[in-house]
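Participant: A predicted structure for the sequence below; I have some questions about it.
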Amino acid sequence: MTTKILCTALFGCFLLMGCSESVKQAQSNVDEAQSSASTSLEVGKDYHSFSNPEQVKISNLGLDLTVDFAEKILTGSVDVDFVRVMPNADKIVLDTRDLTITKVTANGHDLAYELAAQDSFLGAALTIVLPEEGNTFKIEYHTSPDASGVQWLTPAQTEGKKQPFLFTQSQAIHARSFIPLQDSPQVRVTYQATIRTSPDLLAVMSAANDPNTPRDGVYEFAMPQPIPSYLIALAVGDLHFKAMGERTGVYVEPAILDAAAAEFADTESMLIATEKTFGPYSWDRYDLLILPPSFPFGGMENPRLSFITPTVIAGDKSLVSLIAHELAHSWSGNTVTNATWRDLWLNEGFTTYLTYRIMEMVYGEKRYAMEAVLGRQDLQADIDSLPANDQILAIDLRGRDPDDVFSNIPYEKGALFLRELEQKVGRAEFDQFLLGYFKHFNFQSITTDQFVAYLEDKLVKQHSDVLSMERINAWIHSAGVPEGAPEPQSDAFALVDQARNEWLAGNLAAKDILVGEWTTHQWLYFLNNMPAKLSQVQLSELDAAFALTQSRNNEIAHSWLLMSVNNWYEPAFPRLHDYLVHIGRNKLVKPLYKALAETPQGKVMAQKAFAEAKDGYHPLTVKANEGFVQ
Ligand code: BES
Ligand code: ZN
């Protein structure tokens with residue numbers, strides 16, 4: 001941990017503790033986290049926030065921020081409204097990371113505050129003495145150019161090349177790098193914001209956005225529903241809007257506007273189908289923001305405005321399950337929210353289950369079946385490679401950075417568990433259960449234990465012939481997947497297996513495989529299930545027959561490039577270099593860096609690509625991959 005002390009105001013150390021003591025305090029938090037494996041875990045305690053919501057809770061934020069592209073900082077203030085949970089609470093603890101706090105005031109008077117030493121991944125606690133009168137105070141501050149939750153892009157790093165671009169990514173614990181707040185998913189806030197930028201640019205937020213707002217450089221937002229901090233989001237760029245349906249539209253740089261609107265044209269149908277089965281949509285509009293390719297995730301469910309990677313614009317809607325996924329979070333995640341990062345599977349597992357259901361409703365059973373088989377295979381890859389503790393749904397994350405623990409487990413294992421419940425009690429009954437669950441916990445943050453208690457009460461008791469708490473606890477607290485779990489099957493993949501086997505046996509030339517009607521999913525299944533080692537002759541035969549090195553589908557290209565690295569197929573390397581330099585989505589680039597780092601020659605290639613790409617990568621992508629090139 002760094003021992004940088006950031007007591008920015010002289011009176012900052014007038015609190016009960018002195019500065020040196022606060023360093024000790026930060027150190028002891030780290031020690032506590034590190035030695036925690038041996039002590040018992042406190043369910044519902046957020047081990048990733050310094051804040052004290054059990055004493056005082058923030059309830060509303062009023063942001064006023066100026067976007068400074070030259071300095072790469074956000075400067076301004078936040079008005080924080082709070083509620084005393086304990087009537088005698090006299091201090092509030094907020095999370096920050098790399099923030100410079102210049103002033104804290106209430107009722108026109110300075111408040112005493114103290115910024116503790118920075119922990120390596122949790123940031124620094126900001127303790128403020130509460131005003132004796134009123135329920136609000138103001139913090140004046142600015143961010144650092146290195147803020148972990150903000151990416152600043154130069155005009156050259158955008159599609160249009162003329163205007164700069166900025167976007168935030170708060171999940172899991174990065175909101176604290178651009179707003180001082182209680183950065184815990186169990187604290188919900190409403191917010192208002194004024195964002196000041198150049199009139200050439202448009203700002204959008206995870207809030208009510210008016211597509212017809214005058215482009216004057218001063219943009220006002222309101223998020224009237226209480227949301228957890230990880231859903232606060234901002235983007236600024238040369239953004240334009242196109243409607244896709246009555247409640248859906250897309251924001252993106254103008255050069256891609258039409259392509260994006262065409263690719264995601266089914267968003268409105270997805271919204272309607274989801275509402276029909278899982279209850280009313282709570283958030284008014286559902287728009288998409290398409291980011292530059294450096295966006296480190298596939299998508300992020302920022303309420304009313306999902307943030308989406310452009311790497312899924314394939315031209316044939318083959319990768320739009322991502323949209324179904326981010327939309328589904330409007331139910332699972334944004335209205336019913338995980339209380340701590342240990343409970344992430346409540347967000348991602350439910351959402352993955354809902355994604356499959358939406359895909360089935362909108363595109364049919366064949367598409368659903370293929371996606372479910374691919375998901376099951378991704379899960380198996382993680383079960384085969386992750387340590388047992390990291391295969392547990394309700395994972396113990398004490399002392400760990402949530403960014404380092406990202407895997408398919410909360411997603412696909414969570415979804416498979418729910419699929420089993422569905423199969424055991426029947427779909428109609430399970431849908432009723434889910435409808436009730438979303439209603440019961442609407443706008444609440446809940447723990448795994450709360451879900452399990454609800455499940456026992458509303459489903460297990462009524463179906464004790466097919467459901468047992470013992471098996472449910474095995475799903476949630478054991479590694480792997482319990483024996484007898486559902487096994488997704490797809491007929492469309494049977495013929496792919498057959499073609500692959502015939503080709504591998506030398507009975508069929510690649511050019512004679514009947515791929516005419518193959519979908520992206522069949523291609524992925526074809527490639528992902530090749531043996532680990534193929535000969536150069538086999539690789540060139542595949543490439544000559546199907547032009548895989550040139551594939552414009554980023555998922556297919558990913559699978560092919562990974563095979564190419566693992567088999568040192570040099571003709572694919574120029575494309576590999578371009579791919580790594582152009583795309584910052586971690587799920588697509590990390591496996592490639594990892595595979596390259598396994599050989600000395602590969603490492604040299606990885607170093608070259610990383611050095612060229614680094615300035616354009618998001619801080620999270622840099623952090624996740626820099627270890628491979630050292
Ligand atoms: N909320 C997640 C992204 C996330 C999770 C960010 C945990 C930080 C910590 C988002 O909804 C997501 O799951 N994205 C996936 C989409 C995919 C599973 C369809 C992604 O980005 O790959
Ligand atoms: Zn998700």
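Facilitator: Looks like it came in fine. Ligands and ions are numbered 1, 2, ... in the order given.
Participant: Neighbours of Asp543, how many?
Facilitator: Residue neighbour count, defined by other C-beta atoms under 10 Å, stands at 18 for Asp543. For every residue, glycine as well, the C-beta is placed using N, CA and C.
Participant: does it count as helix, strand or coil?
Facilitator: In the three-state summary, Asp543 is assigned as helix, counting by DSSP: H, G, I helix; E, B strand; the rest coil.
Participant: Can you name the residues of the stretch 251-400 of the chain that neighbour ligand 1?
Facilitator: 297-301, 322, 325-326, 329, 348 (C-beta under 6 Å from any ligand atom).
Participant: Could you work out the most separated pair of those?
Facilitator: Taking C-beta to C-beta, the two most distant members of these are Leu322 and Glu348; they sit 13.2 Å apart.
Participant: re earlier: selecting buried members of the residues of the stretch 251-400 of the chain next to ligand 1 in ChimeraX, what would you type?
Facilitator: With 16 or more other C-beta atoms under 10 Å as the criterion, this ChimeraX line picks the buried residues out of those:
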select :297,298,299,300,301,322,325,326,329,348
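Participant: In strands only, show me the residues of the stretch 251-400 of the chain next to ligand 1.
Facilitator: Residues of those located in strands (DSSP state E): 299-300.
Participant: show me the residues around Thr351 that make contact.
Facilitator: With contacts defined as C-beta atoms under 8 Å, 6 or more residues apart in numbering, the neighbours of Thr351 are 301, 325, 328-329, 332-333, 411.
Participant: quick one: it is in a strand?
Facilitator: No - when the secondary structure is assigned by three-state DSSP, Thr351 falls in helix instead of a strand.
Participant: Can you give the distance of stretch 295-307 from its chain's centre?
Facilitator: Here the centre of stretch 295-307 is set off from its chain's centre by 7 Å, with C-alpha atoms, centre = their mean, to the nearest Å.
Participant: Run the contact check for that stretch versus ligand 2.
Facilitator: No - Stretch 295-307 stays clear of ligand 2 (C-beta under 5 Å from the ion), getting no nearer than 6.1 Å.
Participant: Equivalent analysis for stretch 583-590, please.
Facilitator: No - contact between stretch 583-590 and ligand 2, assessed by C-beta under 5 Å from the ion, is absent, since the two come no nearer than 11.7 Å.
Participant: Correct me if wrong: Ala89 contacts Glu54.
Facilitator: No - checked against C-beta atoms under 8 Å, the pair Ala89 and Glu54 is beyond contact range at 9.2 Å.
Participant: Of those two, give the one with the bigger neighbour count.
Facilitator: Using other C-beta under 10 Å, the more surrounded residue of Ala89 and Glu54 is Ala89, with 16 against 12.
Participant: Going by secondary structure, that one is in what exactly?
Facilitator: Counting by DSSP states H and E, there is no helix or strand that carries Ala89.
Participant: can you pull the pLDDT of it?
Facilitator: Predicted confidence (pLDDT) for Ala89: 97.
Participant: residue contacts, it?
Facilitator: Residues counted as contacts of Ala89 (C-beta under 8 Å, 6+ apart) are 52, 55-56, 130.
Participant: now for the helix or strand hosting Pro226, which elements pack on it?
Facilitator: Counting by DSSP H and E, the element that carries Pro226 is strand 218-228. Counting contacts by 3 or more C-beta pairs under 8 Å, 6 or more residues apart in numbering; DSSP states H and E, strand 218-228 is packed against strand 188-196, strand 202-205.
Participant: Tell me where the stretch 301-450 of the chain has strands.
Facilitator: Taking DSSP state E, counting those that start in this stretch as the criterion, the stretch 301-450 of the chain carries its strands at 305-308, 336-338, 444-446.
Participant: okay, the first one in PDB with CA atoms only?
Facilitator: What follows is strand 305-308 as a C-alpha-only set of coordinates in PDB (Å, rounded to 0.1, in the frame of the first residue of the first chain):
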ATOM      1  CA  LEU A 305     -28.600   4.300 -20.700                       C
ATOM      2  CA  SER A 306     -26.500   1.100 -21.000                       C
ATOM      3  CA  PHE A 307     -22.900   1.700 -22.100                       C
ATOM      4  CA  ILE A 308     -22.000  -0.700 -24.900                       C
END
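Participant: And the residue of the stretch 301-450 of the chain that's closest to ligand 1?
Facilitator: Proximity to ligand 1, evaluated over the stretch 301-450 of the chain using C-beta to the nearest ligand atom, is greatest for His325 at 4.0 Å.
Participant: right, and that residue touches Phe297 too?
Facilitator: No - with contact taken as C-beta under 8 Å, His325 and Phe297 are classed as non-touching, separated by 10.8 Å.
Participant: Name the residues of the stretch 201-350 of the chain found near ligand 2, please.
Facilitator: Within the stretch 201-350 of the chain, the positions adjacent to ligand 2 are Glu348 by C-beta under 5 Å from the ion.
Participant: Low-confidence bits of the stretch 201-350 of the chain, can you list those?
Facilitator: Low-confidence segments of the stretch 201-350 of the chain, defined by pLDDT under 70, are absent; every residue clears the threshold.
Participant: quick one, what contacts the closest residue to ligand 2 within it?
Facilitator: Among the residues of the stretch 201-350 of the chain, Glu348 lies nearest to ligand 2; the distance is 4.8 Å by C-beta to the ion. With contact set as C-beta under 8 Å, 6+ apart, Glu348 has these partners: 333, 410-411, 414.
Participant: what's the pLDDT at the residue in the stretch 1-150 of the chain that ligand 1 sits nearest to?
Facilitator: Closest approach between the stretch 1-150 of the chain and ligand 1, counting by C-beta to the nearest ligand atom: Gly149, at 10.5 Å. In this prediction, Gly149 carries a pLDDT score of 98.
Participant: Do you know the pLDDT at whichever residue of the stretch 351-500 of the chain sits closest to ligand 2?
Facilitator: For the stretch 351-500 of the chain and ligand 2, the shortest gap (C-beta to the ion) falls at Thr351, measuring 4.9 Å. Per-residue confidence (pLDDT) for Thr351: 99.
Participant: Quick one: name the residues of the stretch 101-250 of the chain near ligand 1.
Facilitator: Within the stretch 101-250 of the chain, the positions lying close to ligand 1 (C-beta under 6 Å from any ligand atom) are 171-172.
Participant: What residue in the stretch 51-200 of the chain comes nearest to ligand 2?
Facilitator: Using C-beta to the ion, the closest approach of the stretch 51-200 of the chain to ligand 2 is made by Gln171 at 8.9 Å.
Participant: again with the stretch 501-630 of the chain
Facilitator: Closest point on the stretch 501-630 of the chain to ligand 2, by C-beta to the ion, is Lys587, at 11.7 Å.
Participant: hang on, that residue packs against Gly298?
Facilitator: Yes - here Lys587 reaches Gly298: they are 6.3 Å apart, a contact under C-beta under 8 Å.
Participant: circling back to that earlier point, need the helices and strands packed on strand 218-228 in JSON lines (columns: mean neighbour count).
Facilitator: Supplementary listing: the helices and strands packed on strand 218-228 in JSON lines, determined by neighbours: other C-beta atoms under 10 Å:
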{"stretch": "strand 188-196", "mean neighbour count": "20"}
{"stretch": "strand 202-205", "mean neighbour count": "25"}
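Participant: So which of the contacts of Glu348 sit within helices?
Facilitator: Where those overlap with helices, as defined by DSSP state H, the overlap consists of Gly414.
Participant: could you flag which of the contacts of Glu348 are buried?
Facilitator: Neighbour-count burial within those applies to 333, 410-411, 414; the criterion is 16+ other C-beta under 10 Å.
Participant: Which residue ranges of the stretch 151-300 of the chain form helices?
Facilitator: Counting by DSSP state H, counting those that start in this stretch, the stretch 151-300 of the chain has helices at residues 257-263, 267-278.
Participant: which residues are contacting the shortest one?
Facilitator: By C-beta under 8 Å, 6+ apart, the surrounding residues in contact with helix 257-263 are 240, 242, 244, 249-250, 252, 288, 290, 310, 312-315, 317, 320.
Participant: secondary structure class for the nearest residue to Thr102 once chain neighbours are set aside?
Facilitator: With C-beta to C-beta, 6 or more residues apart in numbering as the measure, Glu140 is the residue that lies nearest to Thr102, at 4.7 Å, once sequence neighbours are left out. With three-state DSSP as the basis, Glu140 sits in strand.
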